[in-house]
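> structure for this input, please:
(one chain, ligands or ions: 1)
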Amino acid sequence: MDIRTFQSADEVAQEAANFIADRIRENIAKKDFFTMAISGGRTPWEMIKELAKQDLPWEKVFLFQVDERIAPDGHPDRNLTQLFKSIENTKLPTRLNIFPMHVVAEDLDEACQEYAETIKRVTETGKLDLVHLGIGTDGHTASLIPGDEVLAVQDRDVALTSNPYQGRYRMTLTYPLINQAEKILWIITGEEKAEMLSRLLQQDPTIPAGSIGQEQTTILTEESAAVAFN
Ligand SMILES: O=C1O[C@H](COP(=O)(O)O)[C@@H](O)[C@H](O)[C@H]1O
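Next up is the predicted model:
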């Protein structure tokens, strides 16, 4: 595992964008395409804005969602709505291949299965080149929520939470798919995340983030979140 600490959240976002851009160039040079999944919440959007400034062969980049709230298209609760906001007025909406989770489907179980099949088809191996993750103050990551049955899913790559979380059911990539990714990139900023960052590093099995593999992992964090291990 590689962990790097920066002075501010802006520096973390810039470094994360550079990290992803390097992986995009590397993979495109090797196999001519790149697949990644991006989390939602609060932290990814500055990183995405920085990434959008880079001159990259976006047509060869395939972007999936790590998780999504079950809510109507365009709703502010949706991670996809925030993603589109962060790339508006850039060349990405027309060039990047974006695969939204189909959370307005009538049959959501079927939508999960279809999303998993699309990931298999596009990646060719079933493994994403990069998964970006964040962590909540309760230790959740993606929509792998403390106490939810979705934590136990081992036979599906995409699943639904069994209960609403912060008012919404969620669709999420599950442990088997996340842990197979070639690279896992955590972005953890804010002093309120310090305790969970420390428990993540100890692979604390009582928080969902503690069961994410660490071998292929890079953590980018800021000083205020890193107090517990510095
Ligand atoms: O609910 C969510 O929260 C986590 C953590 O978000 P952060 O912005 O505080 O890092 C996020 O990773 C997940 O995708 C999102 O749905």
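> okay, strands next: where are they in the protein?
Along the chain, the stretches classed as strands by DSSP state E are 2-6, 34-38, 61-65, 67-69, 97-99, 130-133, 158-160, 170-173, 183-188, 217-222.
> whether stretch 206-217 contacts the ligand - can you check?
No - judged by CB under 6 Å from any ligand atom, stretch 206-217 makes no contact with the ligand; its nearest approach is 9.2 Å. C-betas here are computed from N, CA, C, even on glycine.
> who in the chain is up against the ligand?
For the chain, the residues in contact with the ligand (CB under 6 Å from any ligand atom) are 39-43, 66-67, 79, 133-136, 141-143.
> which of the residues you listed fall in helices?
Counting by DSSP state H, these place Asn79 in helices.
> per-residue pLDDT of the nearest residue to Pro72 once chain neighbours are set aside, please?
Among residues not flanking Pro72 along the chain, Val104 sits closest, at 6.4 Å (CB to CB, 6 or more residues apart in numbering). You'll see Val104 listed with a pLDDT of 98.
> surely Val104 and Arg69 touch.
No - in this structure, Val104 is not within contact of Arg69 by CB atoms under 8 Å, at 11.1 Å.
> hmm, who's touching the longest helix that the chain contains?
In the chain, assigned by DSSP H, the helix with the most residues is helix 9-31. For helix 9-31, contacts defined as CB atoms under 8 Å, 6 or more residues apart in numbering pick out 4, 6, 33-34, 36, 43, 46-51, 53-54, 56-57, 60-61, 129-130, 132, 183, 185, 187, 189-190, 218, 220-222.
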